[in-house]
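Novice: Following is a predicted model, sequence given first.
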Amino acid sequence: MSYNLYLSALLMAATCCSLMLCYLSWKRRELPIAISYGLGMLTGSLYTFGYAFEIVSTDLEHIRFWLRIEYLGIPFGTILWIIMVLQYTGRQALVRKWVVALLMIVPSITFVAHYTNDWHHLFYKSMTLNYSEGFPLVTTEKGPLYKLHVYYSYSFFVVGMGLMVEMFLKATSRMKKQIAFMIIGSWGPFGFTLIYLSNVIYMPIDISPFGFIFSGIFYMWGIYQFNMLRLAPLALQKVFASMQDAVIVFDLENTLTSFNQSSKQVIKGINNKWIGLPAAQVFLQYPLLLERIMQGPSLNSKVQISGQADEPYYNVHMTLISDKNQKPAGKMFLLSDVTEMVRSEERLLDNARQLSELNMFKDRMFSVVAHDIRDPLAVLINLMELMEDELQGYGGEHEEIVHEMGQQIENTFALVESLLEWFRSQRDGMVFNPVERDINHTVQACIRLLAVRCESKKIQLVSEIPKDTFVLADKEMLDLIVRNLLSNAVKFTNIGGTIRLKAEHHADKLIISVSDSGDGISPQQASSLLQEGYPVSSTGTAGERGVGLGLTLCREFVLLNGGDIWFDSSEQGSTFYFSVPTPSAHAFRQLSSLEASAG
């Protein structure tokens, strides 16, 4: 069997190797360099595939057919290779559509000239068969367009090699291994072709396609040993480039290897020419970042990287990048703009500080007001006692009036004392202390407090709530709810009217109602009552004024006690309802809880 069959089999193996590299490149197609590299290997596979059949063909027509297959890739291989070199060496900006179109002019001429050679013979002057090796080989006399193709290709090969050698000299020791494999692998097809064309060594057959076997070995070795199909900096990945956060990548020797587009907005002046610079130069204006990269991996921290007061805040995070073997391969800085979040935190802290100061001021003012209210009332009580003693010596002409005044002052003092005591207990926050309470006692205490106002307006205040009607509620809150609802009823009831209180058990709650015989609530007022905020206070039937806080406090306190509040209104008057839990409901819930825990 002639050795051309063995050579054909070897070329088919080279074709498979090239197609494997094409597949690996396709898997990394998000990288622009992987596209140019994969297409370059595809042109090589067309060359080796066509030549594998060319050297086993038996006549000139078959050889011409397989030459046409080869020339589907041969003219364009060098241009795809130089594009890959530009991308690999950090000159991606040069790879523009119009530049690629210009570079493709000569390859396109070569492609057309080869397919139309029978018309003009400018590519091959002649083609003859040679049987000196025991099997037919084609011998060609090269034309001017063939020579143009060769000179054009090798001119770009020299340029590309110069760029990679320059990169090799500037690279770190770890990167030099990858670049060396790229250089050696690239010499395969170009070097073998140069040997064949120069006739330095006599070669009966064209050894150019076998250069792809040489290249394939080195490229495959580089891919699996050094992850060479990463080829370009990590920042060339689309997802990496489109990130809103700034990402800057260094190798283990703290040399800049890549960055994304957002980094240009953070690090002033950073560009592709900085690739390969040490971190000390990259972060010359950012000593804080330089300190972080020297320290190694660190937790997130919000800082102004330049140290200037008016600069944005960034969340700085540095982490190690690991290779497929989980070994450190580089360092990555992630810089997220958190200026707005920091400003918001500062505003919140400032508001909290102001609120704390206001709260302290409120406590001090409360102490002062408590003293200023309580003491005059205590003096009034003493004066009333003295007045009562004095009046006993002059008969009882005004005894009833004085007694009533004293009673009102004592009631007011008891009310103020109770409120002051409750407010003092709330200094550290709202304290909710539900106890069993006879609602009748609360109602009667409030009726006594409002007796003078009711008498002045000749209002009949009737409570139909029986004794021993217990609820579970905070005492002070319950007093305030009943007192405010009764006070409002008195305020809006006409002279000679009636106010009636009732209580009705419903499920596990007691519903208390306060009805008056006033003129009712207008639709405009009804829409704002019992809502969030403070409604505007209305004038009572006798010109009474308020501050609009009563119903708001009632709503808040009823909700805190686990109840609800609502009202009905008509031209014959208004009825306010509020519900309060009963002690039996609380006991039932406690019993259920104990049974559940015991079970």
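Specialist: The structure has been received and is ready for your questions.

Novice: Can you name the residues that contact residue 111?
Specialist: Taking CB atoms under 8 Å, 6 or more residues apart in numbering, we find residue 111 in contact with 71-72, 75-76. For the C-beta atoms, the positions are set from N, CA and C on the backbone; glycine is no exception.

Novice: Quick check: pLDDT value at it.
Specialist: According to the prediction, residue 111 has pLDDT 92.

Novice: roughly how far apart are it and residue 386?
Specialist: 124 Å (CB to CB, to the nearest Å).

Novice: quick one on the thing from earlier: looking at the contacts of residue 111, which are in helices?
Specialist: Judged by DSSP state H, the subset of those located in helices is 75-76.

Novice: any chance of the contacts of residue 111 in a markdown table, plus pLDDT, distance to residue 515 and neighbour count?
Specialist: Compiled in a markdown table, the contacts of residue 111 are given as follows (pLDDT from 0 to 100; distance: CB to CB, whole Å; neighbours: other CB atoms under 10 Å):
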| residue | pLDDT | distance to residue 515 | neighbour count |
| --- | --- | --- | --- |
| 71 | 88 | 105 | 22 |
| 72 | 89 | 99 | 17 |
| 75 | 90 | 102 | 23 |
| 76 | 90 | 97 | 21 |
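
Novice: so which of the contacts of residue 111 would you say is closest to residue 41?
Specialist: Taking CB to CB as the measure, residue 76 is the one of the contacts of residue 111 closest to residue 41, at 12.0 Å.

Novice: Nearest residue to that closest one in space, ignoring adjacent ones along the chain?
Specialist: Distances taken as CB to CB, 6 or more residues apart in numbering place residue 107 nearest to residue 76, at 4.9 Å, with adjacent residues excluded.

Novice: C-terminal to whichever strand or helix holds that neighbour, what's the next element?
Specialist: Using DSSP states H and E, residue 107 sits within helix 105-115. From helix 105-115 onward toward the C-terminus, using DSSP H and E, the following helix or strand is helix 117-120.

Novice: what's the neighbour count on residue 276?
Specialist: When counting by other CB atoms under 10 Å, one arrives at 16 neighbours for residue 276.

Novice: oh, and call the first residue 340 from now on, that's how I've got it
Specialist: All set: I'll call the first residue 340, so the last point we hit is now residue 615.

Novice: Nearest residue to it in space, please, no chain neighbours.
Specialist: residue 509 (5.1 Å).

Novice: Could you report the neighbour count for that neighbour?
Specialist: The number of residues packed around residue 509, counting by other CB under 10 Å, is 15.

Novice: confidence score at it?
Specialist: For residue 509, the model assigns a pLDDT of 78.

Novice: That one and residue 617: what is the separation?
Specialist: Computed as CB to CB, the residue 509 to residue 617 distance reads 11 Å.

Novice: next one: residue 431
Specialist: Applying CB to CB, one obtains 22 Å for the distance of residue 431 from residue 617.

Novice: So, low pLDDT: which residues of the stretch 340-489 of the chain?
Specialist: In the prediction, the stretch 340-489 of the chain carries residues with pLDDT under 70 at positions 340-342, 369-370, 472.

Novice: Okay, strands next: where are they in it?
Specialist: Per DSSP state E, counting those that start in this stretch, the stretch 340-489 of the chain carries strands over the ranges 463-469, 476-481.

Novice: and what of the stretch 540-689 of the chain?
Specialist: Applying DSSP E, counting those that start in this stretch to the stretch 540-689 of the chain gives strands spanning 585-589, 595-598, 637-642, 653-661, 667-676.

Novice: chain center to the first one: distance?
Specialist: It stands for strand 585-589. Put simply, strand 585-589 sits 19 Å off its chain's centre (CA atoms, centre = their mean, to the nearest Å).

Novice: tell me the angle that strand makes with strand 667-676.
Specialist: The directions of strand 585-589 and strand 667-676 differ by 160 degrees, with axes from the mean of the first three to the mean of the last three CA atoms, to 10 degrees as the criterion.

Novice: could you give the angle of strand 585-589 to strand 653-661?
Specialist: With the same axes, to 10 degrees as the criterion, the two stretches strand 585-589 and strand 653-661 enclose an angle of 40 degrees.

Novice: Can you list the strands that strand 585-589 pairs with?
Specialist: strand 595-598 (antiparallel), strand 667-676 (antiparallel) (DSSP bridges).

Novice: hang on, the earlier thing: just give the number of residues close to the residue nearest to residue 415.
Specialist: Here the number of neighbours of residue 446 (other CB under 10 Å) works out to 20.

Novice: so who does it touch?
Specialist: Under the criterion of CB under 8 Å, 6+ apart, the neighbours of residue 446 are 414-415, 417-418, 488, 491.

Novice: closest to residue 466 among those?
Specialist: Of all these, residue 488 has the smallest distance to residue 466: 16.2 Å, by CB to CB.

Novice: Mind checking the strands paired with strand 585-589 for the one nearest to residue 403?
Specialist: Between residue 403 and the strands paired with strand 585-589, the shortest gap by CB to CB is with strand 595-598, which sits at 47.5 Å.

Novice: hang on, the earlier thing: I'd assumed residue 616 was in contact with the residue nearest to residue 615.
Specialist: No - using CB atoms under 8 Å, residue 509 is not in contact with residue 616, being 9.5 Å away.

Novice: hang on, residue 799 packs against residue 838?
Specialist: Yes - Residue 799 is in contact with residue 838 according to CB under 8 Å; the separation is 7.2 Å.

Novice: So for the two, which sits in the more crowded spot?
Specialist: A side-by-side neighbour count of residue 799 and residue 838, using other CB under 10 Å, places residue 838 first with 24 against 12.

Novice: Buried residues of the helix or strand encompassing the more buried one, list them for me.
Specialist: Using DSSP H and E, residue 838 sits within strand 837-845. By neighbour count, with 16 or more other CB atoms under 10 Å as the criterion, the buried positions of strand 837-845 are 838-840, 842.
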